[in-house]
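Chemist: Sequence first, then the predicted structure:
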Amino acid sequence: MTRSSKSWVLGSVAAALTLAGGLAFGQTTITGAGATFPYPVYAKWADAYAAKTGVHLNYQSIGSGGGIAQTKAKTVDFGASDAPLTQQQLDEIGLIQWPMIMGGVVPVLNVPGVKPGEVRLTPTLLADIYLGKVANWNSPEIAAANPGVKLPDLAITVVHRADGSGTTWIFTNYLDKVSPEWHTKVGTSTAVSWPTGVGGKGNEGVSAYVLRINGAIGYVEYAYCLQNHMTYALLRNAAGNFVSPTAKAFQAAAANADWKDAPGYYLVLTDQPGAESWPITGASFILFYKDQPNAAKAKAVLSFFAWCYANGQKMAEELDYVPMPKNVADMMEANWTAKVHSAGQAVWK
Amino acid sequence: MTRRAHGRAPLLAEGLFRTAALTCAAFVLLVMAGLFVVLLYRSRLSIHRFGWGFLWSTAWDPVRDNFGAASSIFGTIISTLIAMLIAVPLSFIIALFLVEVAHPRIARPVSYGIELLAAIPSIIYGMWGLFVLAPLMATYVQPEMQKVVGKLPLFSGPPMGIGVLTAGLVLALMVLPFITAVVRDVFALVPAVMKEAGYGLGATTWEVTRKVTVGYGMKGIVGGVFLGLGRAIGETMAVTFVIGNDHRIAASLFASGNSIASTLANEFTEASEPVYLSALVELGLILFVVTLVIQVLAQLWLARLARQAGTIA
């Protein structure tokens, strides 16, 4: 199937659902499509918002790449992506973007006898494992970072995503920053040419492989690590401390983020400074057209996100996400006022 | 008057029927041609950029927009080959057992069982492969194989349980009921008189089977094998679960790989770059052409076989 027919199918599905929703409830429905990573929290927010206002959200978690494609095809009211677009990419299509939620990507492993948080990984070590250069758990490089921890003679099986994914984008962006070799050989993208390993589909696919293959190492969203009680590794951050993946560590990474000076709010939260920062933290973004054909619809969409910024923190934390701080939310709302127009009039006042 | 009307009505019906039948038959060809044209058109970007080199390039790098089909083609061929190597002889033996050896009281429930196997959705095979077969392969089968055959490159690498070999095994199980069912029916259709004649000449069960039953039903048997081959080569979900989804050509059967169908299933939704998408469509085109070529070769071979049989007779 081609891009345009794909958009057509998804578009008609979205339209059919919108229509069905509209007919059933006689109420406004806003549609969005994109990133799978924030889907649980968007769904929870939407539920609470619908109960309060009667405005329903129909969000299709088809992946970040799909979200960008659907936004370009104008089949949805907004798009969502884990990978931010650059200022230039935004301008080409006439979009703005804003960060909606943050979370962490966690290296998880399956080595007999190793408990969660027992293994320490340095940035170079993680990159070398994913490059296939460190291939056994008893290798001297791992032993050097883990004095006192007994690791078996067991081949390392690298597990990565088989599908394109915002999670992969955040993870490879980190490896790209910390390893020059990764930068030249592999690079950053939602899907890359993996030097080694096996691919699982989705976070659940990677979790399933890591839990089933002896000696496996993979990377998943923090929520999957918690839900599956997986053995995570400690990572050394930019400040040189080994940190555990916790909501607090993600917040620490986000606290240093300089949103104000990021053009187009293109900001990646990997390898941030700060003594407690978790190094593989990322934000998930909403994509929205600057020029809106329907002012009422545009206002309904922005009202939903404003409500989420103001009232969604607790729900986000319950699902192990990190909400955006108040000052960042205010900055984004000011940006809506400045940039989003319909028939020459500002939509958000 | 009435006689004429009676005479014309069947003619009219005949004409309508002919037209309807022709339209239906032409529709099949039209859909085939349409599929081919759309696949060709949508892969033009990739064809233009990579040329014939796409077929043997092992690159698959979405970051640098450099794509090649070799690893996907390789995985498709190897997993299908493993499946057919296991499934074809096994199907033959099962079908022979059901038709020639087994008492009907045993043959009937076994037949039902095989037909049930054919009705199981492929995703169930995939889940079974990942959750049941893969751990068994990782803990028992693969380490034992490595012990027995030593360090052959074919069986090297860590025993992960998932990989090309496991994918081939799952595929074998999936195509087995298809081939068995067809071959069984073919064997059952051989006229009893011919077999009895064979026995009458003093032939053993094996000789009758080899010379009479198989000879008589060759066309049907090849048809059954190709039905299985067709299913194995395009199988998507079950393979995606167990093959490991890695774009690499490895010497070891324990290593992960991918197939054309699994690559499409995994990467289609997130292919945001036009060239990436186009390369995926070209993979689909290759699968389409390969299937077509296999079918044509099979038909040609069968035609040759029929001619030979004709000259002997």
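Modeler: Received the coordinates, thanks. Numbers count the residues shown, from 1 in each chain, chains lettered A, B, ... in the order given.
Chemist: CA only for contacts and neighbour counts going forward, please
Modeler: Fine.
Chemist: Tell me the strands beside the longest strand seen in chain A, with direction?
Modeler: Looking across chain A with DSSP state E, the single longest strand is strand A:95-110. Based on DSSP bridges, the strands next to strand A:95-110 in the sheet, each with its direction, are strand A:216-221 (antiparallel), strand A:231-232 (antiparallel), strand A:281-289 (antiparallel), strand A:322-323 (antiparallel).
Chemist: The closest residue to chain A within the stretch 1-150 of chain B: what's it in contact with?
Modeler: When scored by CA to the nearest CA, the stretch 1-150 of chain B has B:Asp61 as its residue closest to chain A, at 4.5 Å. B:Asp61 is in contact with A:Val192, A:Ser193, B:Phe67, counting by CA atoms under 8 Å, 6 or more residues apart in numbering or on different chains.
Chemist: burial of the spatially closest residue to B:Leu39 that is not a sequence neighbour, as a residue count?
Modeler: Nearest in space to B:Leu39, with sequence neighbours left out and distances taken as CA to CA, 6 or more residues apart in numbering or on different chains, is B:Leu285 at 5.6 Å. Residues contacting B:Leu285 under the criterion other CA atoms under 10 Å in any protein chain shown number 20.
Chemist: Surely B:Leu285 and B:Val37 touch.
Modeler: No - B:Leu285 is not in contact with B:Val37 according to CA atoms under 8 Å; the separation is 9.5 Å.
Chemist: ok, now which ones touch the residue of the stretch 1-150 of chain A found nearest chain B?
Modeler: Nearest to chain B in the stretch 1-150 of chain A, going by CA to the nearest CA, is A:Gly65, at a distance of 4.7 Å. Contact partners of A:Gly65, counting by CA under 8 Å, 6+ apart, are A:Gly34, A:Ala35, A:Ser81, A:Gly164, A:Ser165, A:Thr190, B:Thr269, B:Glu270, B:Ala271, B:Ser272.
Chemist: residues from the stretch 151-300 of chain A in reach of chain B?
Modeler: A:155, A:157, A:162-165, A:186-194, A:196-201, A:212-214 (CA under 8 Å from any CA of the partner chain).
Chemist: From these, which land in strands?
Modeler: Using DSSP E, these in strands are A:Thr157, A:Val198, A:Gly199, A:Gly200.
Chemist: What values do phi and psi take at A:Glu135?
Modeler: Actually, residue A:135 is Ala rather than Glu. Dihedral angles of A:Ala135 (phi, psi; degrees, to the nearest 10) stand at phi -120, psi 0.
Chemist: surely it meets A:Ile142?
Modeler: No - using CA under 8 Å, A:Ala135 is not in contact with A:Ile142, being 10.0 Å away.
Chemist: more crowded one of the two?
Modeler: Neighbours per residue (other CA under 10 Å) separate A:Ala135 from A:Ile142, with A:Ile142 holding more: 21 against 18.
Chemist: Return the per-residue confidence for the more buried one.
Modeler: With respect to pLDDT, A:Ile142 scores 95.
Chemist: and it, that's in a strand?
Modeler: No - if the criterion is DSSP: H, G, I helix; E, B strand; the rest coil, then A:Ile142 is helix and not within a strand.
Chemist: which bits of the stretch 101-250 of chain B sit near chain A?
Modeler: Proximity of the stretch 101-250 of chain B to chain A, by CA under 8 Å from any CA, involves residues B:Pro135, B:Ala138, B:Pro158, B:Met160, B:Gly161, B:Phe241, B:Gly244, B:Asn245, B:Asp246, B:His247.
Chemist: Report how many residues lie close to the first one.
Modeler: Right, the one you point to is B:Pro135. Here the number of neighbours of B:Pro135 (other CA under 10 Å) works out to 19.
Chemist: residues touching B:Gly217, list them.
Modeler: For B:Gly217, the contacting residues are B:Val186, B:Phe187, B:Val190, by CA under 8 Å, 6+ apart.
Chemist: May I ask which of the residues you listed has the most neighbours?
Modeler: B:Phe187 (24 neighbours).
Chemist: does the residue of the stretch 1-150 of chain A closest to chain B belong to a helix or a strand, and which?
Modeler: helix A:64-73 (DSSP states H and E).
Chemist: Give me the sheet partners of the helix or strand that comes right after that helix and which way each runs.
Modeler: With elements assigned by DSSP H and E, the helix or strand that comes after helix A:64-73 is strand A:78-81. When pairing is defined by DSSP bridges, strand A:78-81 lines up against strand A:29-34 (parallel), strand A:281-289 (antiparallel).
Chemist: among these, which is the most enclosed?
Modeler: strand A:281-289 (a mean of 26; mean count of other CA atoms under 10 Å in any protein chain shown).
Chemist: Could you export that one as PDB, CA atoms only?
Modeler: These are the backbone C-alpha positions of strand A:281-289, laid out as PDB (Å, rounded to 0.1, in the frame of the first residue of the first chain):
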ATOM      1  CA  THR A 281      15.300  11.100  28.800                       C
ATOM      2  CA  GLY A 282      13.100  12.400  26.100                       C
ATOM      3  CA  ALA A 283      10.000  14.500  25.400                       C
ATOM      4  CA  SER A 284       7.100  13.700  23.200                       C
ATOM      5  CA  PHE A 285       5.800  16.400  20.900                       C
ATOM      6  CA  ILE A 286       2.500  17.600  19.500                       C
ATOM      7  CA  LEU A 287       2.500  18.900  15.900                       C
ATOM      8  CA  PHE A 288      -0.100  21.500  14.900                       C
ATOM      9  CA  TYR A 289      -0.700  23.700  11.800                       C
END
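Chemist: how far off helix A:64-73 does that strand point, in degrees?
Modeler: On the basis of axes from the mean of the first three to the mean of the last three CA atoms, to 10 degrees, strand A:281-289 is oriented at 20 degrees to helix A:64-73.
Chemist: Tell me how far strand A:281-289 lies from the chain's centre.
Modeler: Distance of strand A:281-289 from its chain centroid, counting by CA atoms, centre = their mean, to the nearest Å, is 8 Å.
Chemist: And the contacts of that strand?
Modeler: Contact with strand A:281-289 is made by A:35, A:37-38, A:68, A:71, A:77-84, A:94-105, A:170, A:250, A:253-254, A:268-271, A:340, as judged by CA under 8 Å, 6+ apart.
Chemist: which of the contacts of B:Asp61 lies closest to A:Ala233?
Modeler: Among the contacts of B:Asp61, A:Val192 lies closest to A:Ala233 (CA to CA), at 23.0 Å.
Chemist: Run a quick check on the closest one versus A:Val186, I expect a contact.
Modeler: Yes - if you go by CA under 8 Å, A:Val192 and A:Val186 touch, sitting 6.6 Å apart.
Chemist: Which parts of chain A are helices?
Modeler: Assigned by DSSP state H, chain A shows helices spanning A:3-25, A:39-53, A:64-73, A:87-93, A:123-131, A:140-145, A:166-178, A:180-185, A:202-212, A:222-227, A:247-255, A:295-311, A:313-318, A:326-339.
Chemist: Where among those helices is average confidence lowest?
Modeler: Per-stretch mean pLDDT for those is lowest at helix A:3-25 (a mean of 47).
Chemist: can you tell me the helix or strand for the spatially most central residue of chain B?
Modeler: Centroid-nearest residue in chain B: B:Leu229, 2.1 Å away (criterion: CA atoms, centre = their mean). Element membership of B:Leu229, judged by DSSP H and E, is helix B:218-234.
Chemist: backbone phi and psi for the spatially most central residue of chain A, please?
Modeler: By CA atoms, centre = their mean, chain A has its centre lying nearest to A:Asp82, at 4.1 Å. Phi and psi for A:Asp82, reported as degrees, to the nearest 10, are phi -80, psi -20.
Chemist: what's the answer for A:Val111, then?
Modeler: Torsion angles, degrees, to the nearest 10, at A:Val111: phi -120, psi 120.
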